[in-house]
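**Q** Fold the following, please.
(2 chains)
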Number of protein chains: 2
Amino acid sequence: VSPLDQRAVRQHNLSLVIRHVATYGVRSRAAIAVETGLNKATVSSLVAELIGRGLVVESAHTNVGTVGRPSRGVELAGNQIAGIGLCITEKHLRAYGLDLTGAVRFDESLVRDNPSTPPHEVLTDLATLASDALAAFERERITPVGVTVALPGLVDMSTGKLFVAPNLNWSEIPVVDLLRERLGSVGFRIHAENDANLAALAELWDGAGRRLRDFVYVDGGFGAGVGAGIVAGGELFRGAAGLAGEFGHTRVSRRGPRCRCGSRGCLENFAGWDALIRRAGLNGTGEDSVEILDVLRARAEAGERRTLEALSEVASWLSLSLVSLTNLLGPQAVVLGGCYAALSEWLVPRVEQDLRLSLSAPWSPCRVLVSELGREAAIRGAAGLALHQVLHDPTAVGGSFSEDRPYSDRTMFTPRTSSVRLAAGE
Amino acid sequence: VSPLDQRAVRQHNLSLVIRHVATYGVRSRAAIAVETGLNKATVSSLVAELIGRGLVVESAHTNVGTVGRPSRGVELAGNQIAGIGLCITEKHLRAYGLDLTGAVRFDESLVRDNPSTPPHEVLTDLATLASDALAAFERERITPVGVTVALPGLVDMSTGKLFVAPNLNWSEIPVVDLLRERLGSVGFRIHAENDANLAALAELWDGAGRRLRDFVYVDGGFGAGVGAGIVAGGELFRGAAGLAGEFGHTRVSRRGPRCRCGSRGCLENFAGWDALIRRAGLNGTGEDSVEILDVLRARAEAGERRTLEALSEVASWLSLSLVSLTNLLGPQAVVLGGCYAALSEWLVPRVEQDLRLSLSAPWSPCRVLVSELGREAAIRGAAGLALHQVLHDPTAVGGSFSEDRPYSDRTMFTPRTSSVRLAAGE
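**A** Alright, predicted model coming up:
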């Protein structure tokens, strides 16, 4: 066994233990040993390393786990590392920090008219928000382990370049490079990814999709756009070039106004937020989508006809496209997010009714779920990405442990029970 | 190392060698050793076992491969084993046999009106065709290794039950059980699978998709239906319950006649073969789709207006749905099959033009390809399935070699070069 192999084994087992704790909560060393099948001495050594790296801590709770006499447990450390998510929508900028326990450690946003602002100005303001987050973490002695920017468009994940975001009027913007210029030297990587993909991951890790392996997160943004993140077999389905999921450009008509994408009859022009509030006569009622949403919901609850008709129209086009999608992909569920989650009372019944017309419905019905993370979904996914990378390679943080420890566990270990899975898949 | 592990290693290496020969053709033992990185003695032992199992033979060709002095090569055996495909469409029954070299060893079909015939009668006739194939192989001393039935509907692969085939008017038919009753005891497994999925696999193994890993095979049947087989990362994308790919029920309109699925506005009612010939005024012109196709093509070539308009209408609806599909899935290509392949001159230009409107087209254009296997695609996939299973586990055939051979190669082997992949992925 070469030294490299030993490191790989150690890394694998560290990841196994921390993901076990992430999935099942406070656990004694004895319980971890029984439940993962690793031997006790190895578990003690692994836990010691995870504590040394600042990833788990001794818990105040005792007598946890399934067997043995009372003993102290360990749990994920909340005060040591954080992932940072940044988000650009048509109308907001936001920075958000999550720690390893899933607690929100930072959340600031700016209301902005991003489509009317030059990209470099938007990114300067976003970098300022990110710097505020970094400064806050420095004061709290929390180590940031990564930044991910959620973008409403096609993103080249390998370079961090935004190919195009029709609803921002942006194209060919090297978002990660421009942010790196503005943030200066930081000790971690900066990524960019499509916002609906990140929202889907957040729902998979932490939300409506946490018991599912195959679902589609449908993202009704609070702007013109509609997106989707496809989860297949517990992982993001990205397509050949990572650009899959453009559900808003499902063509529901051969006619209709020209879409920003150049096509006609795209779903988002019939069922996006902007189309909805225009049809409901709420265009220009308020600048902020939170205000407009309140008005819209109040009018719908009061039975105002024009509002109900507008919602019914959106439900009809959305469910038409979702029938096509479920026929094509056969998911376990669709998860309605963004404005669709906020208006779910008026949308879900129609979508549920229409999905019964999917060809596979009698044998494998597709459930209609509502996002549990609401407006936080995409940015939680962004902030969580770096944290999930740490769960998969705990040696990426706490450098003092990376080199010269003895390796007592020499065989790559596979868990005994199928219930022990990646936290991401639970 | 337990005996089980030794067998697994041997099986892995047998598969590696036979897939290498399947991918690259005639190869000397020396070339196989160099190209896979296995040592020469191991390769000789593996080749001897593959010869013993009747899977490869000494080739008449010499001096093959990349290096070394002239030596005899080995190649896949054409006269030893065969896979059998069966197919039920709206208008045909067919049985088809392929050997390991890809040569067609049996091909018989019946023209039938299957939707008007009770399923048990259809399956009795299909079993008769299958028996003919088995008898022919017995005469030729070829061992059948598996039967797969291609069905135009939702299939539960685990039980071989057809859930529903709207265009056959069939539902809840235990196809594999009924075939097994009729065929009696056979020494191999009988599977059933959706026909578009099998066609997609055939194109991946042998046709327009053989250099691709992410594509969608679009199956315009010569009946009412339109289907799809989705290949993602070199494998079939089956969805949560194996029922994905129902592209024909993409809803292109909120109105339109009620579809057999219970919905309205499904693509196949606008762009399926039956819709096309109805619109072209060819309904009832001939019983056989081959004849009708000839008439249709002749009229289109002569510039007959009604025919060209009908083709243009089909192209328009098909490409509308393909834009939605490519926006959602981001494939490298769509492969037009069935009647769409037979009429590709009148369809491809419009589809290519519209796919340029996919959001990702400037960065990751989706190509439009035409099936290379035509009407054989689904049934070649069906016949090939069992053969591909043998390539992945050569120990499944030629039982005399399965137990007491010495195992000289004890370590699981991974090819040196990334170019050595599963034949399925090439």
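**Q** C-alpha from now on. contacts and neighbour counts both.
**A** OK.
**Q** Looks like A:Ala165 contacts A:Leu154 (just checking).
**A** Yes. A:Ala165 is within contact range of A:Leu154, at 6.5 Å (criterion: C-alpha atoms under 8 Å).
**Q** Could you give the bridge partners of A:Glu235?
**A** Beta bridges link A:Glu235 to A:Ala232 when assigned by DSSP bridges.
**Q** neighbouring contacts of the strand or helix carrying A:Ala196?
**A** In this structure, A:Ala196 is located in helix A:195-206 according to DSSP states H and E. Contacts to helix A:195-206, defined as C-alpha atoms under 8 Å, 6 or more residues apart in numbering or on different chains, come from residues A:87, A:150-153, A:209-213, A:216-219, A:227-231, A:234, A:236, A:245, A:371-373, A:377-382, A:384, A:423-426.
**Q** The helix-or-strand element of chain A with minimal mean pLDDT - contacts with which helices or strands?
**A** Ranked by mean pLDDT, DSSP states H and E, the weakest helix or strand in chain A is strand A:56-62, scoring a mean of 84. With contacts taken as 3 or more C-alpha pairs under 8 Å, 6 or more residues apart in numbering or on different chains; DSSP states H and E, strand A:56-62 sits against helix A:40-52, strand A:72-76.
**Q** for the nearest residue to A:Asn39 once chain neighbours are set aside, what are its contacts?
**A** Once flanking residues are discounted, A:Asn39 sits nearest to A:Ala33: 5.6 Å by C-alpha to C-alpha, 6 or more residues apart in numbering or on different chains. Contacts for A:Ala33 (C-alpha under 8 Å, 6+ apart) come out as A:39-40, A:43.
**Q** A:Ala33 and A:Arg72, how far apart?
**A** 14 Å (C-alpha to C-alpha, to the nearest Å).
**Q** Quick one: low-confidence residue ranges for the stretch 1-150 of chain A.
**A** Along the stretch 1-150 of chain A, the parts satisfying pLDDT under 70 run over A:1-4, A:62-70.
**Q** hey, where'd the helices end up in it?
**A** A:3-24, A:29-36, A:40-52, A:119-139 (DSSP state H, counting those that start in this stretch).
**Q** and if you look at the stretch 301-426 of chain A?
**A** A:305-329, A:339-342, A:344-355, A:377-392.
**Q** I'd like those helices as TSV, with distance to chain B appended.
**A** TSV is the format used below for those (distance: least, C-alpha to the nearest C-alpha, whole Å):
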stretch	distance to chain B
helix A:305-329	4
helix A:339-342	19
helix A:344-355	8
helix A:377-392	19
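**Q** For those, state which one has the densest average packing.
**A** helix A:377-392 (a mean of 26; mean count of other C-alpha atoms under 10 Å in any protein chain shown).
**Q** who are the neighbours of that helix, in terms of helices and strands?
**A** Partner elements for helix A:377-392 (3+ C-alpha pairs under 8 Å, 6+ apart): helix A:3-24, strand A:81-88, strand A:92-99, strand A:143-151, helix A:195-206.
**Q** Now render these as a markdown table, adding mean neighbour count.
**A** As requested, the helices and strands packed on helix A:377-392 are exported to a markdown table (neighbours: other C-alpha atoms under 10 Å in any protein chain shown):
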| stretch | mean neighbour count |
| --- | --- |
| helix A:3-24 | 20 |
| strand A:81-88 | 28 |
| strand A:92-99 | 24 |
| strand A:143-151 | 25 |
| helix A:195-206 | 29 |
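**Q** Let me see the contact set for the residue nearest to the spatial centre of chain A.
**A** Residue closest to the average C-alpha location in chain A (C-alpha atoms, centre = their mean): A:Gly381, at 2.3 Å. Contact partners of A:Gly381, counting by C-alpha under 8 Å, 6+ apart, are A:85, A:198-202.
**Q** quick one: pLDDT of it?
**A** On pLDDT, A:Gly381 comes in at 98.
**Q** For it, give its distance to A:Arg299.
**A** The value you get for A:Gly381 to A:Arg299, if C-alpha to C-alpha is used, is 32 Å.
**Q** same deal with A:Gly242?
**A** A:Gly242 is 40 Å from A:Arg299, by C-alpha to C-alpha.
**Q** Pretty sure A:Ala232 sits against A:Tyr217.
**A** No. Using C-alpha under 8 Å, A:Ala232 is not in contact with A:Tyr217, being 11.2 Å away.
**Q** Compare neighbour counts for these two and give me the winner.
**A** Between A:Ala232 and A:Tyr217, counted using other C-alpha atoms under 10 Å in any protein chain shown, A:Tyr217 has the larger neighbour count: 30 against 22.
**Q** can you list the weak-confidence ranges in the stretch 151-300 of chain A?
**A** A:284-287.
**Q** So which bits of it are right by chain B?
**A** A:154, A:163, A:213-214, A:232-233, A:238-247, A:249-254, A:261-263 (C-alpha under 8 Å from any C-alpha of the partner chain).
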